[in-house]
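Participant: Output the structure for:
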Amino acid sequence: MPSSENITYQYSLWNFYFSESAKMEQSVLDPPSVAGWNAYYQEPGFYQIWISSPTLSGRQFFSNIVSRENGKKIDDDIFLTIDVFKFLDKVSEAPDPNVLVSEWAELLLPVPLPESQRTMLKDVLIPGLPDFEWTEEYLLYVIDPSDEEVKKAVESKLRALLQAIISLPEFHLM
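Facilitator: Below is the predicted model:
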């Protein structure tokens, strides 16, 4: 990826954000009134004021595309994607799948998840496997991050978990 000092890169990135925010009815520098956008807690609609068919589908599209490995192609050599390994740095105990799921859900969702949903998310990370399987695979990556096979396996599991979290209805209430 080009340096953030590259003006072409910056222009392409901000142009992408500008067009995507417009699709979600949050046009940059174009609020609906001088007071800005209605607060999500405002009566009578509360959060429903800004969630509509076009905004919800726009949010889902944007979230899903940037969570994919290839991300969104913005320019010839510019792709926008979430670096799941940097996001993993925010977890206090990454080798523990329960902590990983709980802390990512806490970071990404405005409400706490019930145990049943956390279990479902953990099953996305390690489908039907015991916890130690994730721990071993993750620690193999930590020991040798240059091993492409292990890195891809860990990354695909993390991306699947990330996509499962951002697909939850709670994610779109933020």
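Participant: what's the burial count for residue 130?
Facilitator: Counted with other C-beta atoms under 10 Å, residues neighbouring residue 130 total 9. All C-beta spots, glycine's among them, are computed from the backbone N, C-alpha and C.
Participant: And for residue 65?
Facilitator: 15.
Participant: ok, it to residue 82 distance?
Facilitator: Residue 65 sits 10 Å away from residue 82, going by C-beta to C-beta, to the nearest Å.
Participant: next one: residue 150
Facilitator: On the measure of C-beta to C-beta, residue 150 and residue 82 end up 20 Å apart.
Participant: what do you get for residue 58?
Facilitator: From residue 58 to residue 82 the distance is 17 Å (C-beta to C-beta).
Participant: which residues touch the closest residue in space to residue 161 that isn't next to it in sequence?
Facilitator: Nearest residue to residue 161, sequence neighbours excluded (C-beta to C-beta, 6 or more residues apart in numbering): residue 125, at 4.7 Å. Neighbouring residues of residue 125 by C-beta atoms under 8 Å, 6 or more residues apart in numbering: 97, 100, 101, 134, 157, 158, 160, 161.
Participant: This structure - how does it break down into domains?
Facilitator: In the domain annotation for the chain, the residue ranges read 7-81, 86-173 (automatic domain parsing).
Participant: Quickly compare these and say which is most buried.
Facilitator: The highest average neighbour count among those, using mean count of other C-beta atoms under 10 Å, belongs to domain 86-173 at a mean of 15.
Participant: just for this protein, where's the confidence low?
Facilitator: Residue ranges of the chain with pLDDT under 70: 1-5, 36-51, 70-78, 173-174.
Participant: Tell me where it has helices.
Facilitator: 7-23, 53-67, 84-88, 97-108, 115-125, 131-143, 148-166 (DSSP state H).
Participant: would JSON lines of those helices with distance to residue 172 be doable?
Facilitator: Listed next are the helices of the chain as JSON lines, based on distance: least, C-beta to C-beta, whole Å:
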{"stretch": "helix 7-23", "distance to residue 172": "14"}
{"stretch": "helix 53-67", "distance to residue 172": "5"}
{"stretch": "helix 84-88", "distance to residue 172": "19"}
{"stretch": "helix 97-108", "distance to residue 172": "11"}
{"stretch": "helix 115-125", "distance to residue 172": "15"}
{"stretch": "helix 131-143", "distance to residue 172": "27"}
{"stretch": "helix 148-166", "distance to residue 172": "9"}
